[in-house]
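Student: need a structure here:
(one chain, ligands or ions: 1)
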Amino acid sequence: MYDVVVIGAGVIGCAIARRLSAYKVRVAVLEAGADVAMGASRANSAIVHAGYDCEPGTAMARVNVAGNAMFDEWCRELSVPLKRIGSLVLAFDEADMAQVRKLYDNGMKNGVPGLEILTREQTLEKQPGLADSVVGALWAPTGAITCPYEMTIACAENAHDNGVEFYFDFSAEKITTLRDAVEVENDKNCIFRSRYVVNAAGVHADEISRLMGDDSFTIKGRKGEYVLLDRAASAFVQRVVFQAPGPLGKGVLVSPTVDGNAFVGPTAVDDSGKEDTSVSQSGIDALRAAGAKSMPGVPFGRPITSFAGIRAVPSTGDFILGRSQVNPRLIQAAGISSPGLSSAPAIAQETVEALRQAGLQLIPRGDYDPIRKKEKPFREMSMQEREAAIAKDARYGRIICRCETVTEAEIVRAIERTLGAPTLDGVKRRTRAGMGRCQGGFCAPRVMELIAKHGGVPMEKITKNGGCSRLIVGRTRQEEK
Ligand SMILES: Cc1cc2nc3c(=O)[nH]c(=O)nc-3n(C[C@H](O)[C@H](O)[C@H](O)COP(=O)(O)OP(=O)(O)OC[C@H]3O[C@@H](n4cnc5c(N)ncnc54)[C@H](O)[C@@H]3O)c2cc1C
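Tutor: The predicted structure follows:
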């Protein structure tokens, strides 16, 4: 019997689990995928939005502005990178300037600090290399960049260290509400019984809600495609550079990443379905054109990879938070489209409060430790630090991923730290092995050998990212049996 079962291990479910782990409650997180951050939380723009584009008075506006302010503390405690580089919304004509003024007014109403409307010259001082057609911009100094999957992994690891249980490859298919509890069941008749359910199932949150009798909203997918650029491109862009928004959201942006790359994206393909993360040539072409409209000097023709994420767009037009009106044992964290990453710390705080108001007794744990210990990556170490690390553990001397300078020691630690069965992408997200120019062309087989040796997964069963994504089908040489 659990006090709380959280369905979904994206950034929202994991942030809620982390927040709950400060109290004496028994919590399980159930995740359909093989790892945390398998949905929108692994493929988004990684921006901690300032909060000027949400309609004033909405839940979105409230948790975005509050969440942004909480990010410094969360990132410090969890050793997650955060760079407060500020964001610009470019205007190319008078109609765009009207949009910029509207965003400014929204931001003032939402309580966003430090907003300014800039002239062309002031905009160029913040970000050189903008197109000649830029006439001005909105400047938001609290806009920041982070790493969304590292935030998710960090929340999960810290929650786990503080007693939260995680179960992977568990897809909630049937939910029965009893008089004093809820039973959550998968298709293998495995049942978790809990006093409360938190619905953090991303694009599938409407289905979970319906299983518990609440059909007050639906969710549609809105795909966003990206092109990730070579490190050389990051020399051209120092800020998050948006364009004035369109009807489908914040529009295409150009931004550096916290790891030293740059990207352009996302597109907005409405009603794209909930699972299709393919990237189209037309999407890539549209991104290049949109990127060049803002910053013509950026080498958009030097991509490393492309990817797509799916926004969970709710029929309500706003995040759905708090206790369900229909089922008192259901606490919603649903319809978390953008800016869900920015809002995650505040959504976690509000969800825990909703559980308290629903009757969950929350007694603080004396031994709660909010700090996630993370070792410095080898690529960031000084020569002296590297020598000391190799002297302590010779596996630091073996570089597995040459593009990103990732050592065997770091990969083995990541495999050992993974809460579910390790996968190739899971190692990539934890260490950056395979994230460089060759995209794992050289290191993938070596990482697989390490997963087999240290993660207890037979070579033939190792997957790229869970499910059916097996990487090899069998052995070709008999003597290796
Ligand atoms: C293109 C794009 C760009 C974005 N850019 C930004 C940005 O720059 N800044 C920002 O703040 N936000 C951004 N967002 C929004 C942000 O990514 C999301 O709001 C956030 O990741 C949502 O997290 P989540 O945990 O709700 O959902 P997810 O990360 O999708 O996690 C939901 C999880 O639930 C699991 N699940 C589903 N059904 C079941 C089931 N039946 N049983 C068990 N598990 C289940 C899924 O496997 C998944 O792992 C963007 C989103 C997209 C798609």
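Student: is the lengthiest helix in the chain anywhere near the ligand?
Tutor: Selection of the longest helix in the chain by residue count, based on DSSP state H, yields helix 59-78. No. If you take Cβ under 6 Å from any ligand atom as the test, helix 59-78 misses the ligand, and the best it gets is 7.5 Å. The C-beta positions use only the backbone N, C-alpha and C, and glycine is treated the same way.
Student: Which residues does whatever helix or strand comes next after that helix contact?
Tutor: Downstream of helix 59-78, the first helix or strand assigned by DSSP states H and E is strand 82-83. Applying Cβ atoms under 8 Å, 6 or more residues apart in numbering, the contact partners of strand 82-83 are 48, 71, 72, 75, 144, 145, 146, 258.
Student: Pick out the most distant pair among the residues you listed.
Tutor: Distance extremes for the contacts of strand 82-83: the farthest pair is 72 and 258 at 14.0 Å, using Cβ to Cβ.
Student: The two: which has the busier surroundings?
Tutor: residue 258 (16 against 13; other Cβ atoms under 10 Å).
Student: what's the nearest residue to that one if we skip its chain neighbours?
Tutor: The spatial neighbour of residue 258 that comes closest, neighbours along the chain excluded (Cβ to Cβ, 6 or more residues apart in numbering), is residue 81 at 4.1 Å.
Student: about what we covered before: I'd like to know which elements the longest helix of the chain is packed against.
Tutor: Packing contacts for helix 59-78, counted by 3 or more Cβ pairs under 8 Å, 6 or more residues apart in numbering; DSSP states H and E, involve strand 47-48, strand 82-83, helix 94-110, strand 144-146, helix 148-161, strand 320-323, helix 340-357.
Student: Just want the phi and psi numbers for residue 198.
Tutor: Backbone geometry at residue 198, expressed as degrees, to the nearest 10, gives phi -100, psi 120.
Student: typo on my end, residue 405
Tutor: Backbone geometry at residue 405, expressed as degrees, to the nearest 10, gives phi 50, psi 60.
Student: Give me the domain ranges for the protein.
Tutor: Annotated domains of the chain cover 1-82+145-218+315-374, 87-141+220-310, 379-480 [automatic domain parsing].
Student: Dump the ones you listed into JSON lines; add mean pLDDT as well.
Tutor: Shown next, in JSON lines, are these (pLDDT from 0 to 100):
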{"stretch": "domain 1-82+145-218+315-374", "mean pLDDT": "97"}
{"stretch": "domain 87-141+220-310", "mean pLDDT": "94"}
{"stretch": "domain 379-480", "mean pLDDT": "93"}
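Student: which of these is buried the deepest?
Tutor: Highest mean neighbour count among these (mean count of other Cβ atoms under 10 Å): domain 1-82+145-218+315-374, with a mean of 21.
Student: what sits against the residue of the stretch 251-400 of the chain found nearest the ligand?
Tutor: In the stretch 251-400 of the chain, the residue that lies nearest the ligand is residue 340 (1.9 Å; Cβ to the nearest ligand atom). Contacts here follow Cβ under 8 Å, 6+ apart; on that basis residue 340 touches 11, 12, 40, 312, 319, 347.
Student: how near is it to residue 52?
Tutor: Counting by Cβ to Cβ, to the nearest Å, the gap between residue 340 and residue 52 amounts to 17 Å.
Student: and what of residue 465?
Tutor: Residue 465 sits 35 Å away from residue 52, going by Cβ to Cβ.
Student: How about residue 380?
Tutor: Between residue 380 and residue 52 the distance, using Cβ to Cβ, works out to 33 Å.
Student: repeat for residue 394
Tutor: Residue 394 sits 51 Å away from residue 52, taking Cβ to Cβ as the criterion.
Student: wait, which of the contacts of strand 82-83 is closest to the ligand?
Tutor: Nearest to the ligand among those is residue 48, at 6.5 Å by Cβ to the nearest ligand atom.
Student: who's the closest one bridged to?
Tutor: Residue 48 has these beta-bridge partners by DSSP bridges: residue 144.
Student: how about it, what does it touch?
Tutor: Residues counted as contacts of residue 48 (Cβ under 8 Å, 6+ apart) are 67, 68, 71, 82, 142, 143, 144, 145, 146, 341, 342.
Student: what about the helices in this structure?
Tutor: Ranges of helices within the chain are 11-20, 59-78, 94-110, 120-126, 148-161, 205-211, 281-294, 340-357, 383-392, 408-417, 424-431, 444-455, based on DSSP H.
Student: Quick one: those helices as CSV, columns for distance to residue 371 too.
Tutor: As requested, these are exported to CSV (distance: least, Cβ to Cβ, whole Å):
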stretch, distance to residue 371
helix 11-20, 12
helix 59-78, 6
helix 94-110, 31
helix 120-126, 34
helix 148-161, 8
helix 205-211, 31
helix 281-294, 39
helix 340-357, 16
helix 383-392, 21
helix 408-417, 15
helix 424-431, 18
helix 444-455, 25
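Student: Closest residue of the stretch 351-481 of the chain to the ligand?
Tutor: Going by Cβ to the nearest ligand atom, the ligand is nearest to residue 466 of the stretch 351-481 of the chain, at 9.4 Å.
Student: now that we're looking at the closest residue to that residue other than its chain neighbours, how far away is the ligand from it?
Tutor: Using Cβ to Cβ, 6+ apart and skipping the chain neighbours, the partner closest in space to residue 466 is residue 34 (2.6 Å). Taking Cβ to the nearest ligand atom, to the nearest Å as the measure, residue 34 falls 9 Å from the ligand.
Student: Isn't residue 34 up against residue 421?
Tutor: Yes. Counting by Cβ atoms under 8 Å, residue 34 touches residue 421, with 6.3 Å between them.
Student: shared neighbours of the two, anything?
Tutor: What both residue 34 and residue 421 touch, as defined by Cβ under 8 Å, 6+ apart, is the set residue 168.
Student: shouldn't residue 232 be in contact with residue 302?
Tutor: Yes. If you go by Cβ under 8 Å, residue 232 and residue 302 touch, sitting 6.5 Å apart.
Student: Could you double-check that residue 311 lies in contact with residue 337?
Tutor: Yes. With contact defined as Cβ under 8 Å, residue 311 counts as touching residue 337 (4.5 Å).
Student: any shared contact partners between the two?
Tutor: Listed contacts common to residue 311 and residue 337 are residue 222; contacts here mean Cβ under 8 Å, 6+ apart.
Student: How about the contacts made by residue 360?
Tutor: The contact partners of residue 360, by Cβ under 8 Å, 6+ apart, come to 3, 4, 25, 195, 196.
Student: Next, it: phi, psi?
Tutor: According to degrees, to the nearest 10, residue 360 has phi -80, psi 130.
Student: change the start of the numbering to 93 and stick with it
Tutor: Done: numbering now begins at 93, and the last item shifts to residue 452.
Student: and of the contacts of residue 140, the nearest to residue 418?
Tutor: Nearest to residue 418 out of the contacts of residue 140 is residue 159 (Cβ to Cβ; 26.9 Å).
Student: mind checking how far the closest one is from residue 435?
Tutor: To residue 435, residue 159 is 4 Å away according to Cβ to Cβ.
Student: same check, this time on residue 206
Tutor: Using Cβ to Cβ, residue 206 is found at 19 Å from residue 435.
Student: Which positions in the stretch 193-342 of the chain make contact with the ligand?
Tutor: 263, 264, 292, 293, 294, 296, 300, 316.
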